[in-house]
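> Generate coordinates for the sequence data below:
(chains A and B)
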Amino acid sequence: MLTGMKITEAADGLRQKKFSAEELTKAHLNAIDKLNARLNAYITVTADAAINQAKEADKKLASGDAPALTGIPLAIKDLFCTKGVKTTAASRILENFVPPYESTVTSNLLRDGAVFLGKVNLDEFAMGSGNLNSAFGAVENPWKRKGEDTFLVPGGSSGGSAAAVAAQMAMGATGTDTGGSIRQPAAYCGITGIKPTYGRCSRWGIIAYASSLDQAGPMGKSVEDCAIMLQSMAGFDPKDSTSVDKEVPDYRAACNRSLKGMKIGIPMEYRAPGLSPEIEAVWQQGINWLKDAGCEIVDVSLPHTKYGLATYYIIAPAEASSNLARYDGVRYGRRIAGDSLDELYANTRGAGFGDEVKRRILMGTYVLSAGYYDAYYLRAQKVRKLIYQDFMNVFDKVDVLLTPTAPTAAFAKGENQEDPVQMYLNDIFTVPASMAGVPGLAVPAGLSSQGLPLGLQLLGRPFGEETLFAVGSAMEKAANFTHKPTLLAGGSL
Amino acid sequence: MEVELTDKKQDSVLDKKIVQRVAKLSSLAVKEDELATYAADIGGIINWMEQLNEVDITNVQPMVGTEIAQLRLREDVVTDGECKEDVLSNAPERIADFYAVPKVVE
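Numbering: from 1, shown residues only, chains lettered A, B, ... in the order given. Down below sits the predicted model:
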């Protein structure tokens, strides 16, 4: 099965002429044909453009001048602007928006020969942890609890990316992570994903949610596949004022580094009293694997961890309320008329945004409004500094932190939804690293008793992605996670 | 880590009037019957955020953006242009080379 391969295997196969890029792309388009009506992972499929890109890739492969991703079919989160291809952010307010430019990250992937299959679903404006907040409908997780057909969520906000890769409807995908939106869906769908250091990938052309936190990253079938994709996506971009001018190292080579003498920190605050015993067991398993690989395990403390979520839900909505002010229905996007200009704005935004987006805009406006700014926003920025300092202090003592990625396995549609705070708790282990801007890699590590994937998270120093790839590769090898979801290209449906 | 959820429903800090004011500041049309739901939801979240009051922030400088990426300034020069059709491509209506939009200056 062409769709069952990893990027590393497909890249070799293409160069050995075992199959063509056109065949590889068509196999994935067939998988989309077969599965997308049910999973709803793609909002837009660009089949004709993909086949043309694949034909170009075949020419490049024949000429011998073919960069690493030549002919590799990828899915692009519908938050990245793609030139001439509708980009919705899964929102009604942008339902017909066609960007006249290409985001830097997707430009880099195209430069390196990638084929784009289409644009994948997400929580509206990347706000959510279950991909339930999309104007284009929820995404179904291809994994099922043993003996059940219950609709499980793929996680969010990069839920379409995670489901597409897990069900083999793409060889890899781009995601974005503001508080866990790459790592948590990767864990729920049994795939690998990395949120790089803030500033590593350009934010130019990515529709903004919370600008001091948003960061693009790859989601794939293996640590090495993610390393190959990040190699292409990362790099300095003068068009993003927070892009960091730092050379991109050889991430793929880093996957084979020795771990001898490496110190792995286990943060005690992540051992929450309510943590599921299954997650706790997988975590202990991870500790043992790294010990066996020659690492030293060190107990560490990040004392402000418990304040991460509350801090996040002040800072992210505050930034969002400002970023989303631009959607006013005047020059582009949906417009709903009104008797006055104020009414036109309010009607457009009231009808164009979904419930969670409106809730966060209201929350963000409230915490920034006169009389509340110091009590909420300024205080949150100070607590954020303490969270950052916690990380810098432990990284004096250890190289990497090992934690669970999410507190539970994928949950069912309908569970956790009565109460927004309950929903926010899904991000409890991913948010602190976002607040600090440090990189985080999620790797599938085992199955729950119900047969669902459970993930472990590795957190590193700023620009410590190479170390994460090295430790992640060792963990991946030890875990030998070869399980596949129920709904799969080539599988039964 | 323990996350307190139990008492979050009791006396919301937000009433419908505050939601209405914030909705106006946000330029969001919120229907009368949605006001109470937003007041309860957002009030619950705000109550939950009060936990930050127990953190000692004396002499802590606020973290603006991230400590990792520093904002850069660029030369004030033209870097782009000659892309009229691109700029106008999403215009709901156009007249010649201009956007045609409802009156936005009152």
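> from here on, contacts and neighbour counts on C-alpha atoms
Will do.
> Is stretch A:351-370 positioned near chain B?
Yes: applying Cα under 8 Å from any Cα of the partner chain, one finds stretch A:351-370 touching chain B at A:351, A:358-359, A:361-363, A:365-366.
> State the distance from residue A:157 to chain B.
As for residue A:157, its distance to chain B is 20 Å (criterion: Cα to the nearest Cα, to the nearest Å).
> That residue: how many residues sit nearby?
34 (other Cα atoms under 10 Å in any protein chain shown).
> Was I right to think it contacts residue A:120?
No: Residue A:157 lies out of contact with residue A:120 (Cα atoms under 8 Å); the separation is 10.8 Å.
> Looking at the residues of stretch A:351-370 next to chain B, which are in helices?
The helices, defined by DSSP state H, take in A:351, A:358-359, A:361-363, A:365-366 from those.
> Please identify the buried residues of stretch A:100-117?
Buried positions in stretch A:100-117, judged by neighbour count with 16 or more other Cα atoms under 10 Å in any protein chain shown: A:100, A:102-110, A:112-117.
> re earlier: quick check, nearest of the ones in helices among the residues of stretch A:351-370 next to chain B to residue A:213?
Closest approach to residue A:213 among those (Cα to Cα): residue A:361, at 16.5 Å.
> before we move on, what SS does the closest residue to that closest one other than its chain neighbours have?
If the residues on either side of it in the chain are set aside, residue A:361 comes closest to residue A:321, at 4.5 Å by Cα to Cα, 6 or more residues apart in numbering or on different chains. What DSSP: H, G, I helix; E, B strand; the rest coil gives for residue A:321 is helix.
> Next, the contact list for residue A:321, please.
The contact partners of residue A:321, by Cα atoms under 8 Å, 6 or more residues apart in numbering or on different chains, come to A:360-362, A:364-365, B:26.
> Could I get these in TSV, plus columns for distance to residue A:374, pLDDT and neighbour count?
Formatted as TSV, these follow (distance: Cα to Cα, whole Å; pLDDT from 0 to 100; neighbours: other Cα atoms under 10 Å in any protein chain shown):
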residue	distance to residue A:374	pLDDT	neighbour count
A:360	19	97	21
A:361	18	98	27
A:362	17	97	28
A:364	13	97	25
A:365	13	97	25
B:26	19	97	24
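> The residues you listed into JSON lines, with extra columns for distance to residue A:60?
Formatted as JSON lines, these follow (distance: Cα to Cα, whole Å):
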{"residue": "A:360", "distance to residue A:60": "46"}
{"residue": "A:361", "distance to residue A:60": "47"}
{"residue": "A:362", "distance to residue A:60": "51"}
{"residue": "A:364", "distance to residue A:60": "49"}
{"residue": "A:365", "distance to residue A:60": "51"}
{"residue": "B:26", "distance to residue A:60": "51"}
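> State the pair within those that is farthest apart.
Farthest pair in these, by Cα to Cα: A:360 and B:26, 10.6 Å.
> now the strands: where do they sit in the chain?
Here I'm looking at chain A. All strands of chain A, identified by DSSP state E, fall at A:42-45, A:73-77, A:115-120, A:172-177, A:192-195, A:215-220, A:263-267, A:296-300, A:400-404, A:440-447, A:453-460.
> Can you look at chain B instead?
B:94-95, B:98-99.
> how about the residue most central in space within chain B, what does it touch?
Nearest to the geometric centre of chain B sits residue B:26, at 7.5 Å (Cα atoms, centre = their mean). By Cα under 8 Å, 6+ apart, residue B:26 lies in contact with A:321, A:325, A:361-362, A:365.
> ok, residue A:354 - how many residues close by?
20.
> Okay, now the unreliable bits of chain B?
B:1-12 (pLDDT under 70).
> distance from the centroid: which residue in it tops it?
Ranking residues of chain B by C-alpha distance from their mean position (Cα atoms, centre = their mean) puts residue B:96 at the top, at 34.7 Å.
> For residue A:79, see how far away that one is.
31 Å (Cα to Cα, to the nearest Å).
> before we move on, what about residue A:36?
Taking Cα to Cα, one finds residue A:36 at 19 Å from residue A:79.
> re earlier: among the strands of chain B, show me which one is buried the most.
Most buried of the strands of chain B, by mean neighbour count (mean count of other Cα atoms under 10 Å in any protein chain shown): strand B:98-99, with a mean of 15.
> chain center to it: distance?
28 Å (Cα atoms, centre = their mean, to the nearest Å).
> For the stretch 201-350 of chain A, which residues are neighbours of chain B?
A:212-213, A:241-244, A:269-274, A:305-307, A:310-311, A:314, A:321, A:325, A:330-333, A:341-343, A:345-347, A:349-350.
> same thing but 6 Å
Contact residues (Cα under 6 Å from any Cα of the partner chain) of the stretch 201-350 of chain A with chain B: A:212, A:241-242, A:244, A:269, A:272, A:306, A:310, A:331-332, A:346-347, A:349-350.
> do the same with the stretch 1-150 of chain A
Applying Cα under 6 Å from any Cα, we find that the stretch 1-150 of chain A lies next to chain B at residue A:100.
> Do a quick rundown of the helices in the stretch 1-150 of chain A.
Applying DSSP state H, counting those that start in this stretch to the stretch 1-150 of chain A gives helices spanning A:7-15, A:21-39, A:47-63, A:104-111.
> repeat for the stretch 151-300 of chain A
A:159-166, A:183-188, A:223-233, A:251-254, A:277-292.
> nearest to residue A:441, of the ones you listed?
helix A:183-188 (6.9 Å).
> got the contact list for the residue of the stretch 1-150 of chain A at minimum distance from chain B?
Distances between the stretch 1-150 of chain A and chain B by Cα to the nearest Cα are smallest at residue A:100, namely 5.4 Å. Each residue near residue A:100 by Cα atoms under 6 Å, 6 or more residues apart in numbering or on different chains is listed here: A:83-84, B:86.
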